[in-house]
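# fold the following and give me the result.
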Amino acid sequence: MLWSLIKIVFFFCIVGALAWGANFLLQAEGGLQIRAMGVELNPGPLESILLLVLLVFLVWVFLKVLSLLAAVWKFLNGDETALSRYFDRNRERKGFDALSQGLMALANGEGNVAMAKAAKADKYLNKPALTNLLTAQAAEMAGDTRKAEETYRKLVENEQTRFVGVRGIMKQKLAEGDTETAIQLAEKAFALKPKHEETGDLLLRLQAEKEDWTGARKTLSTKLRNGQLPRDVHKRRDAVLALSEAKDVVADGSSIEARETAIEANRLSPDLVPAAVMAANGYIEQDKPRYATRVLKKAWEVQPHPDLAATFAAIAPDETPTERIKRFKVLTKLNADHPETKMLLSELHIANEDFPEARRALGDLVEVDPDARSVTLMAVIERGEGASDTVVKGWLARALAVPRGPQWICDNCQHIHAEWKPVCENCSSFDTLAWKRPPVSEVAMPAGVQMLPLIVGALEDNTETVVKDVVIEDAEIIEAEGATSSKKSEGDEAAK
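Model prediction:
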């Protein structure tokens, strides 16, 4: 409020001063006397002041006109002037408008429109790093691979955009199936920008597919130094690569190197089942059963697996079933409630022909968590205890309906593998195989498979009488009983 009052008072003071000055000039005597070319002017004081102001204004306009003419002359000569900067700004505005429209077209999936806008932006802008990148991506979207490759090669020539160009050509080579060239370009791109995580992952996958385990381990070490991998993940993947390298050494016949590499892989990741198996086999060949046992125990404690049990059995292949049961206690006491441990114990007692103990070892596994292997073991136990063929067939029929049990499954695509591999054979993912049950059955069985135990055989002896009315026994059982008449055979055949 006070400031507004001060401004109002100041305004009135200025107006009053101007009025007083004008009145003073009007009352003053004298003035200017101007003679020029026979003309004489005698303006008063006020007119003289106005003429002086007009003269200053005309001089200012004249100087501006001279500056404009000088700017036009410099513009025509190609020098940078305000006029040239004005046209440059106008061209730049049009270029950036075209560039933004091209980016929008690219986002909308309109490749041809984006290429046209990129060409227009290149016409107005002197920024090839931006326009060439837009042109390359638009050409890829439009399916013009030749144009895209030419543009990417232009990007390679510029040091600032070299990584983008190399990476773009690398992706094109991958799409064409030229893996050899793609690996070389991936190595170059990774060397240009080692901290680019996607390029490092792609290079690692390509090297693993090519089975270049040494190069893959170097790439993995670089990713660890750049902070792109946790240390535990690096140890696991380095163990996978070391194991794969050991397998190649085994294929070449260099057993000593294979043993050393397998032992290194097991040291890096003791829970990696294939590494533990290969390391234990190496110790067995060196006649070091204690070391082999230690390796297998450590792996079994983390992940019980049939291959570990088979390798543990290979430590003493000539022992009796009773001796084997006793020696296997160092494994079976670990993870005693694990289904794999229960089935291993049951198999050991079956080999010893102690079928009641095999049943006790299996426990209620076939009821609470059945799979094809445990149900088949139950059929063997029933056969060993003297159960009828009907009961055995009932268990075998049930084995078709239950899950198959744990297998090597890719966590990325859920593809099932017969054996462990470092790279998924379906989606080419690296180190994604895990020993687990499939989320769904790999074979779609008809709904009627659930009726097989009723059609083929019962699970309990006391249901045999009920099932007899619907079961047609096979020819071998009928012949063993010796109670088949020709008439009944014809009736049976007709029923079949």
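
# identify each buried residue in stretch 165-177, please.
Of all the residues in stretch 165-177, those buried under the rule 16 or more other CB atoms under 10 Å are 165, 166, 167, 168, 169, 170, 171, 172, 173, 174. Yep, even glycine has a C-beta here, placed from its N, CA and C like the rest.

# make a markdown table from these and add secondary structure, distance to residue 423 and pLDDT to it.
A markdown table is the format used below for the buried residues of stretch 165-177 (DSSP: H, G, I helix; E, B strand; the rest coil; distance: CB to CB, whole Å; pLDDT from 0 to 100):
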| residue | secondary structure | distance to residue 423 | pLDDT |
| --- | --- | --- | --- |
| 165 | helix | 28 | 90 |
| 166 | helix | 24 | 92 |
| 167 | helix | 22 | 90 |
| 168 | helix | 25 | 90 |
| 169 | helix | 24 | 91 |
| 170 | helix | 19 | 92 |
| 171 | helix | 20 | 90 |
| 172 | helix | 23 | 89 |
| 173 | helix | 19 | 90 |
| 174 | helix | 15 | 89 |
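
# TSV for these, including distance to residue 232?
Formatted as TSV, those follow (distance: CB to CB, whole Å):
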residue	distance to residue 232
165	36
166	32
167	29
168	34
169	35
170	30
171	31
172	36
173	34
174	30
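
# give me the buried positions along stretch 264-282.
In terms of neighbour count (16+ other CB under 10 Å), stretch 264-282 has its buried residues at 264-266, 268-270, 272-282.

# now, those residues that are in helices?
Counting by DSSP state H, the part of those found in helices is 264-266, 268, 273-282.

# what about residue 228, how many neighbours?
By the measure other CB atoms under 10 Å, the count of residues near residue 228 is 17.

# do you know how far it is from residue 197?
Per CB to CB, to the nearest Å, residue 228 is found 5 Å from residue 197.

# average pLDDT across stretch 52-71?
The average pLDDT for stretch 52-71 rounds to 86.

# chain center to that stretch, what's the gap?
Distance, stretch centre to chain centre, for stretch 52-71: 70 Å (CA atoms, centre = their mean, to the nearest Å).

# what's the spacing between residue 170 and residue 181?
According to CB to CB, residue 170 stands 8 Å off from residue 181.

# cool, and residue 60?
Counting by CB to CB, the gap from residue 60 to residue 181 is 69 Å.

# who has more neighbours out of the two?
Per other CB under 10 Å, whichever of residue 60 and residue 181 has more neighbours is residue 181, with 14 against 10.

# distance from the chain centre to the host helix or strand of that one, please.
Using DSSP states H and E, the element containing residue 181 is helix 179-192. Computed by CA atoms, centre = their mean, the chain-centroid distance of helix 179-192 equals 18 Å.

# what residues of it count as buried?
In helix 179-192, counting by 16+ other CB under 10 Å, buried: 182, 183, 185, 186, 187, 188, 189, 190.

# out of those residues, who's nearest residue 384?
Each of these was checked against residue 384 using CB to CB; the closest is residue 183, at 56.2 Å.

# thought the closest one was touching residue 211?
No - counting by CB atoms under 8 Å, residue 183 sits too far from residue 211 to count as a contact (11.8 Å).

# so where's this protein shaky on pLDDT?
Along the chain, the parts satisfying pLDDT under 70 run over 1, 22, 24-38, 40-46, 75, 78-85, 87, 248-259, 440-496.

# quick one: distance of the helix or strand containing residue 15 to the chain centre.
Counting by DSSP H and E, the element that carries residue 15 is helix 2-27. Relative to its chain's centre, helix 2-27 lies at 78 Å (CA atoms, centre = their mean).

# now stretch 287-294
A distance of 39 Å separates the centroid of the chain from that of stretch 287-294, by CA atoms, centre = their mean.

# in that stretch, which residues are buried?
So stretch 287-294, judged by 16+ other CB under 10 Å, has buried residues 291, 292, 293, 294.

# now flag whichever of the buried residues of stretch 165-177 is closest to residue 405.
Ranked by distance to residue 405 (CB to CB), those are led by residue 174 at 36.9 Å.

# tell me if I'm right that the closest one and residue 182 touch.
Yes - in this structure residue 174 lies within contact range of residue 182 using CB under 8 Å: 4.6 Å.

# which elements pack onto the longest helix along the chain?
Looking across the chain with DSSP H, the single longest helix is helix 45-77. Applying 3 or more CB pairs under 8 Å, 6 or more residues apart in numbering; DSSP states H and E, we find helix 45-77 packed against helix 2-27, helix 82-107.

# so the first one versus helix 45-77, what angle?
Between the axis of helix 2-27 and that of helix 45-77 there is an angle of 110 degrees, by axes from the mean of the first three to the mean of the last three CA atoms, to 10 degrees.

# helix 2-27 packs against which elements?
Under the contact definition 3+ CB pairs under 8 Å, 6+ apart, helix 2-27 sits against helix 45-77.

# and residue 436, backbone torsions?
Dihedral pair for residue 436: phi -160, psi 170, per degrees, to the nearest 10.

# so what's it bridging to?
Beta bridges link residue 436 to residue 407 when assigned by DSSP bridges.

# burial measure for it, as a count.
13.

# report the contact partners of it.
Applying CB atoms under 8 Å, 6 or more residues apart in numbering to residue 436 gives the contacts 406, 407, 409.

# cutoff 10 Å now
Shown in contact with residue 436 (CB atoms under 10 Å, 6 or more residues apart in numbering): 303, 405, 406, 407, 408, 409, 411.

# next one: residue 191
Counting by CB under 10 Å, 6+ apart, residue 191 has contacts 163, 166, 199, 203, 222.

# rerun at 7 Å
Not one residue lies near residue 191 by CB atoms under 7 Å, 6 or more residues apart in numbering.

# over to residue 356?
Applying CB under 7 Å, 6+ apart, we find residue 356 in contact with no residue.

# now do residue 226
Taking CB under 7 Å, 6+ apart, we find residue 226 in contact with 194, 195.

# my read: residue 163 touches residue 193, true?
Yes - here residue 163 lies in contact with residue 193, judged by CB atoms under 7 Å, at a distance of 5.1 Å.
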